[in-house]
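[1] Just a sequence and a predicted model for now, questions to come.
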Amino acid sequence: MATFAWTSERVAEALGVMGTGDVSRAYVGISTDSRTVQPGQLFVALEGESFDGADYVGAAVEAGASGAVVGRRLDGLSDEFELFVVEDTLVALAELARARRSELGPTVVAITGTSGKTTTREFTVAALGPQAAASPANFNNLVGVPLSMLAAPQTAEFWVLELASNQRGEIEQLGRIAQPDVGMITSVGEGHLEGLGDSRGVLDEKLSLLPAIRPGGSAVVSDDPPELAEAARRGTPDVLVAGVTEEADERAEDWSVGEGEVSWTWRGVKFRVPGLGVHMVRNGVLAAVAARLLGVEPERAAERMRRVRPLPMRGEVRQIGELTLLVDCYNANPSSFKAALESLEALAGERRCAVLAGSMLELGSRSKELHARVAGWMDEARIDVIAATGQFAGAFKTLASGSSTRGIIAEEDVEVAYRELAARLAGDEVVLLKASRGVGLERVIPLFERDFGTGDQS
């Protein structure tokens, strides 16, 4: 793989503008944060609705930055400090990432979907082996993806990037930046409806990744929901569908969900990975298919994927005394809630189980309807105690005051709901914590530790 270093000339070529310096210099890296910029780096002054990064160029200078990309001319700076003045600093960041990707020539895997992106990313990185680099957690938007590409080790043969969207057109933009060799869609569900409108809008947004795949590249999508495979095949005839149903081109067989582990057979090879629920099988098959397309045989992929460990708050199992917590409060939408309920059932077995449910955010005008739908799923499931908070509290009010014999707690406030839930637990149950990240539902974990045990994590 080629080596790469940022110079004044390379920055100018990528951005299409000349710098202000008379002397060419080399930059040791690129930063968008004046608080963490390192000496010798190029500072990209991003602009937002409520801030202008150009206001922080002075702080970047004090931290040792050697130059900056800005959206307006600045006075009072040393002649030795190089400025690149562009029309849009966010576009400039993307162009710098594209330039590095073009020069280094890694094989890029881009993963999107309503849910399952991060787990599939982790499985894919594991399957590809030590020459694969992953985008950091949450680096999946129009800032994070370019930063991931700019920070990936030069020696990495594979870059595995996670792409997210909450507005129409973002995946298309991210696809143009990433220029993937393999594009993957893990799922399509009712998430981020405020910006994407409806289920069709979500589907179209995710599918917009596929045209960005480079010539000769590959598209891999999940078999769930069926509309995803159908729409992908119409637009990309050579797409591979992976999953557990007859619809899948690459299908997991003999799959099973045990306590803390899922397993399946694919192409005659037995796979085992930590996790719960059939959605983890799908994520694993997607990763194994992508790895095989890039030259990794199933036996090697299975061996590597077995060593993956669950990420915090994404189906994470914690043992607190005799109580088991299933912590799944990093993301929430109807499809991920359904998967979490399946995981709870698999983990609980014959044990009593409970749910502490927090709001699903960014569902727009359909929020009330979708909370009611998920509330119905919870009420039909084998759950002994349901503590509904936030927007779920209203959905459960009628159940809590009706004739149902199930233990239902409906309280807007999370900590009030926790106290009522704790009073109904014997201390040996399995408890699901599920909500959108913005709810911060993990703040009840110390309360469980205080009331039920030591908080040792398994």
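    Structure's in. What do you need? Numbering: from 1, shown residues only.
[2] going forward, measure contacts and count neighbours with C-alpha atoms only.
    OK.
[3] Could you pull up the mean pLDDT of stretch 433-453?
    Averaged across stretch 433-453, the pLDDT comes to 95.
[4] Give me the domain ranges for this structure.
    6-87, 106-305, 316-452 (automatic domain parsing).
[5] quick one: which of those is nearest Arg98?
    Closest to Arg98 of these, according to C-alpha to C-alpha: domain 106-305, at 5.8 Å.
[6] before we move on, back to that, the domains of the chain into JSON lines, with extra columns for mean neighbour count and distance to Ala99?
    Listed next are the domains of the chain as JSON lines, based on neighbours: other C-alpha atoms under 10 Å; distance: least, C-alpha to C-alpha, whole Å:
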{"stretch": "domain 6-87", "mean neighbour count": "18", "distance to Ala99": "6"}
{"stretch": "domain 106-305", "mean neighbour count": "21", "distance to Ala99": "9"}
{"stretch": "domain 316-452", "mean neighbour count": "19", "distance to Ala99": "33"}
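[7] Let's have those domains in JSON lines, adding distance to Arg100.
    Formatted as JSON lines, those follow (distance: least, C-alpha to C-alpha, whole Å):
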{"stretch": "domain 6-87", "distance to Arg100": "9"}
{"stretch": "domain 106-305", "distance to Arg100": "7"}
{"stretch": "domain 316-452", "distance to Arg100": "31"}
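[8] Of all those domains, which one is nearest Ala97?
    domain 106-305 (5.1 Å).
[9] Quick one: mean pLDDT over the closest one.
    pLDDT averaged over domain 106-305 gives 93.
[10] How far does that domain sit from its chain's centre?
    11 Å (C-alpha atoms, centre = their mean, to the nearest Å).
[11] how near is Ile445 to Arg419?
    Taking C-alpha to C-alpha, to the nearest Å as the measure, Ile445 falls 12 Å from Arg419.
[12] now swap in Pro180 and tell me
    In terms of C-alpha to C-alpha, Pro180 sits 48 Å off from Arg419.
[13] swap in Thr389?
    Counting by C-alpha to C-alpha, the gap from Thr389 to Arg419 is 12 Å.
[14] And Glu194, by the same measure?
    On the measure of C-alpha to C-alpha, Glu194 and Arg419 end up 33 Å apart.
[15] Same question for Thr324.
    Taken as C-alpha to C-alpha, the span from Thr324 to Arg419 is 17 Å.
[16] now swap in Arg72 and tell me
    54 Å.
[17] ok, now which ones touch Gly453?
    320-323 (C-alpha atoms under 8 Å, 6 or more residues apart in numbering).
[18] can I get those residues in JSON lines with secondary structure and distance to Gly268?
    Output for the contacts of Gly453, formatted as JSON lines (DSSP: H, G, I helix; E, B strand; the rest coil; distance: C-alpha to C-alpha, whole Å):
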{"residue": "Ile320", "secondary structure": "strand", "distance to Gly268": "38"}
{"residue": "Gly321", "secondary structure": "coil", "distance to Gly268": "40"}
{"residue": "Glu322", "secondary structure": "coil", "distance to Gly268": "38"}
{"residue": "Leu323", "secondary structure": "strand", "distance to Gly268": "38"}
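[19] Can you tell me which of the residues you listed is closest to Thr107?
    Ile320 (42.5 Å).
[20] For Trp255, which non-adjacent residue is closest in space?
    Trp264 (3.9 Å; C-alpha to C-alpha, 6 or more residues apart in numbering).
[21] if I've got this straight, the one you found is in a helix?
    No. Per DSSP: H, G, I helix; E, B strand; the rest coil, Trp264 lies outside any helix segment and is strand.
[22] quick one, strands of the stretch 301-450 of the chain?
    Shown for the stretch 301-450 of the chain, the strands assigned by DSSP state E, counting those that start in this stretch span residues 316-320, 323-328, 353-357, 385-388, 407-410, 430-434.
[23] Dump the ones you listed into a markdown table; add distance to Ile171 as well.
    Converted to a markdown table, the strands of the stretch 301-450 of the chain look like this (distance: least, C-alpha to C-alpha, whole Å):
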| stretch | distance to Ile171 |
| --- | --- |
| strand 316-320 | 28 |
| strand 323-328 | 25 |
| strand 353-357 | 30 |
| strand 385-388 | 33 |
| strand 407-410 | 37 |
| strand 430-434 | 26 |
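[24] how far away is the spatially most central residue of the chain from Gly407?
    Of all residues in the chain, the one closest to the mean position by C-alpha atoms, centre = their mean is Thr118, 4.1 Å from it. The gap separating Thr118 from Gly407 is 34 Å, by C-alpha to C-alpha.
[25] and Val160, what does it touch?
    Contacts of Val160 (C-alpha under 8 Å, 6+ apart): 108-111, 121, 124-125, 132-135.
[26] and of those, the nearest to Gly175?
    Ala110 (7.8 Å).
[27] Backbone dihedrals for the closest one, please?
    The phi/psi pair for Ala110 (degrees, to the nearest 10) reads phi -110, psi 130.
[28] Equivalent analysis for Gln131, please.
    phi -90, psi 10.
[29] now swap in Gly390 and tell me
    Torsion angles, degrees, to the nearest 10, at Gly390: phi 50, psi -130.
[30] cool, and Gly67?
    Here Gly67 shows phi and psi, under degrees, to the nearest 10, equal to phi -170, psi 170.
[31] Could you pull up the residues touching the closest residue to it other than its chain neighbours?
    Residue nearest to Gly67 in three dimensions, not counting chain neighbours: Glu82, with 4.3 Å by C-alpha to C-alpha, 6+ apart. Neighbouring residues of Glu82 by C-alpha under 8 Å, 6+ apart: 19-21, 66-68.
[32] now these in JSON lines, with distance to Ala45, pLDDT and secondary structure?
    Formatted as JSON lines, those follow (distance: C-alpha to C-alpha, whole Å; pLDDT from 0 to 100; DSSP: H, G, I helix; E, B strand; the rest coil):
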{"residue": "Gly19", "distance to Ala45": "15", "pLDDT": "92", "secondary structure": "coil"}
{"residue": "Thr20", "distance to Ala45": "16", "pLDDT": "91", "secondary structure": "coil"}
{"residue": "Gly21", "distance to Ala45": "18", "pLDDT": "78", "secondary structure": "coil"}
{"residue": "Ser66", "distance to Ala45": "13", "pLDDT": "95", "secondary structure": "coil"}
{"residue": "Gly67", "distance to Ala45": "10", "pLDDT": "96", "secondary structure": "strand"}
{"residue": "Ala68", "distance to Ala45": "7", "pLDDT": "97", "secondary structure": "strand"}
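[33] quick one on the thing from earlier: select from the contacts of Val160 every entry located in helices.
    If you go by DSSP state H, the contacts of Val160 have 121, 124-125 in helices.
[34] I'd like to know which of those residues is nearest to Ser8.
    Using C-alpha to C-alpha, the ones in helices among the contacts of Val160 come closest to Ser8 at Val125, 33.2 Å.
[35] Could you check how far the residue lying closest to that closest one once chain neighbours are set aside is from Gln391?
    Distances taken as C-alpha to C-alpha, 6+ apart put Ala132 closest to Val125, at 5.6 Å, once the chain neighbours are dropped. In this view, Ala132 and Gln391 are 40 Å apart by C-alpha to C-alpha.
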